[in-house]
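1. turn this into a model:
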Amino acid sequence: MNGENTRSKTLTRKDFLWYMALVAGATVTETQFIACSRRADKYAHIKGKINGASAAIGHQLRNGSFATPDQTEILDTVIIGSGISGLSAAYHLLKNNYTNFKVLELESQPGGNAAGGENAYSAYPLGAHYLPVPSLDNQPLLNFLQDIGMITGYDDKQLPVYQETDLRYDPEERLFIRNRWQEGLVPQFGVSDAAQAEFRRFFATMEKLRWQKGSDNLYLFDIPVVYSSKDPETQALDNISMKAYLQHEGYHSEEIYWYLDYCCRDDYGAGIEIISAWAGIHYFASRKGKAANADNAAVLTWPEGNGHLVKKMRDIIGARIQTDSLAYKVTPAGDKVWVDYLDVKTGATKRIIANTCIMATPQFVTHRLLPDGDYDHHFNYSPWLVANITLDPLSDSRGFQLCWDNVFYKSRSLGYVNAQHQRLTLEVPAQQVLTYYLPLDHLPPADSRRYALNLPHEQWVKLITDDMEVAHPGIHALIKDIEVWIWGHGMIRPTVGFITGANVVAARESKHKNIFFAHSDLSGISIFEEAFYWGNKAADGVLATKESKTFHSHSS
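-> So this is what the prediction gives:
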């Protein structure tokens, strides 16, 4: 979508070999391809399927025409999209006793890329899987976490006390490097003294930048992004890549380039050659979380990842969330907004006439819903693969034990998260569930989307299993099932010049006083806190509109 040619085509054998070699960072032979295609190989016993966002239905926005709605409903507000921004907007409206609204969601469950899944052995994430403890300045988010019971109170220093079961358990992270596991993700084994010194210098610089303020008395790097300093010198970092910044600052070691590339690919879906230096530094210097019962780097996580937060909001919002509903047209009509949508299950087209509308949709959807010329801001998105692997319990460690986050040095993947790490029982599960992450950043996004959506399940099985075999020899025999989830537009990509550019600033502004935008796209960084901020901001706009109408009604 968004002007990209993403139409499906049948992949030739040559296409497949080329693409798989790019993704895996290794050579795929024709013999392996034939064996994989026939499933007459060591992977043949592995079951599963490919899932993903409802691309076929969603593409009707681009390709299809819809019948004139024959059913009409009148509401105060309609929210389009139930990702974190849409859910946050709905939650904020309810907190302010605003109840006459509905949330339209294309998928069969809310959450967007924060959704979770479940099988017989464990819940697991389908995308985002943690939330760092927030800054003390982020009061709306702290209030939300207290409302849902994750913050139980505050100590005498006014630091939040978190539920111990929501804080990430030990052991936290490990890295497979030079044929063994080490604790932590910063490379240690076989790392020269010079490289270690570079790491120390880099982290010291990031710590200094974390607390530094600009001439406008704002932190240079903050969350939400819009609260960051506008000092020209700092904002100029958005005009160069993270790699260019490292070169300019005199960093040379292989290990620090790999580590920072991994971090950018982890949060942004693209590496240091693509991501701006401002975004790369923001990853390290923006978080200022504090807690009474955890260190400042603590994170909140659950077996289903941020799907746990989605459930909490879904339970509060309740039946106002209407799933299987594809909004396909938003029409400003004076002091009203017409929202036309398709009931995916029945095929009926319906219309909501509302006073206000919150479009909690990514840009590539937003610009297709509004009239031509109303919204035409072109953003770049990173495609992703997330796979949940069910297997017999792992027994080998070759160094440090199984952790929550497990990463492979120099792999194209980001490794895997142990979905059962946060389970509340000491009983050893009959099967393990590991969540594997692979940003598809080896080709331009549109090309990766096209190829990824065409590859059959057995070929993803081979790629994922071969990557896991490097750290876990023989793991193919343990694996029972691999559920693959393709995110064609997984997250916004903060490329060079994007975050401080005129395009994203303009995208935040609506041409219509009763239409509000809410999405992490508007920050240029796809994290829970940014989506939560924009959802709250849009809801505040709706509340202000209602107050204004009430005031004028009483005045007249």
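2. the closest residue to Asp137 other than its chain neighbours: neighbour count?
-> Once flanking residues are discounted, Asp137 sits nearest to Lys288: 7.4 Å by Cβ to Cβ, 6 or more residues apart in numbering. C-betas here are computed from N, CA, C, even on glycine. By the criterion of other Cβ atoms under 10 Å, Lys288 has 19 neighbours.
3. kindly report the same for Ser192.
-> So Ser192, with other Cβ under 10 Å, has 11 neighbours.
4. surely it meets Ser253?
-> Yes - judged on Cβ atoms under 8 Å, Ser192 makes contact with Ser253 at a distance of 7.0 Å.
5. ends of stretch 111-124, what's the gap?
-> 13 Å (Cα to Cα, to the nearest Å).
6. give the buried residues for that stretch.
-> Within stretch 111-124, the residues scored as buried using 16 or more other Cβ atoms under 10 Å are Gly111, Gly112, Asn113, Ala114, Ala115, Gly116, Gly117, Tyr121, Ser122, Ala123, Tyr124.
7. over to stretch 427-440?
-> Neighbour counts using 16+ other Cβ under 10 Å place Gln431, Gln432, Val433, Leu434, Thr435, Tyr436, Tyr437, Leu438, Pro439, Leu440 of stretch 427-440 among the buried residues.
8. am I right that the third one is in a strand?
-> Yes - looking at Val433 with DSSP: H, G, I helix; E, B strand; the rest coil, it is inside a strand.
9. so it bridges to which residues?
-> Per DSSP bridges, the residues bridged to Val433 are Thr390.
10. that older thread, my guess is the residue nearest to Asp137 meets Glu207, correct?
-> No - taking contacts as Cβ under 8 Å, Lys288 lies outside contact range of Glu207: 10.9 Å.
11. ok, for Ile256, nearest residue in space, not its chain neighbours?
-> Ile256's closest residue in space is Glu198 (Cβ to Cβ, 6+ apart), at 5.0 Å.
12. just list the residues touching that neighbour, thanks.
-> Contacts of Glu198 were listed using Cβ atoms under 8 Å, 6 or more residues apart in numbering, and they are Tyr251, His252, Ser253, Ile256.
13. am I right that it sits in a helix?
-> Yes - looking at Glu198 with three-state DSSP, it is inside a helix.
14. now stretch 203-220 - C-alpha only, CSV.
-> C-alpha atoms of stretch 203-220 as CSV (Å, rounded to 0.1, in the frame of the first residue of the first chain):
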residue,chain,number,x,y,z
PHE,A,203,27.6,4.3,27.3
ALA,A,204,29.1,7.2,29.3
THR,A,205,28.1,9.5,26.5
MET,A,206,24.6,8.1,26.4
GLU,A,207,24.2,8.6,30.1
LYS,A,208,25.3,12.2,29.9
LEU,A,209,22.9,12.8,27.0
ARG,A,210,20.1,11.1,29.0
TRP,A,211,20.0,14.0,31.6
GLN,A,212,21.1,16.9,29.4
LYS,A,213,18.7,19.6,28.6
GLY,A,214,18.6,22.1,25.8
SER,A,215,18.3,25.9,25.9
ASP,A,216,14.5,25.4,25.9
ASN,A,217,14.9,23.5,29.2
LEU,A,218,13.7,20.3,27.7
TYR,A,219,15.6,17.0,27.8
LEU,A,220,17.5,16.5,24.5
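15. I am finished for the moment; much appreciated.
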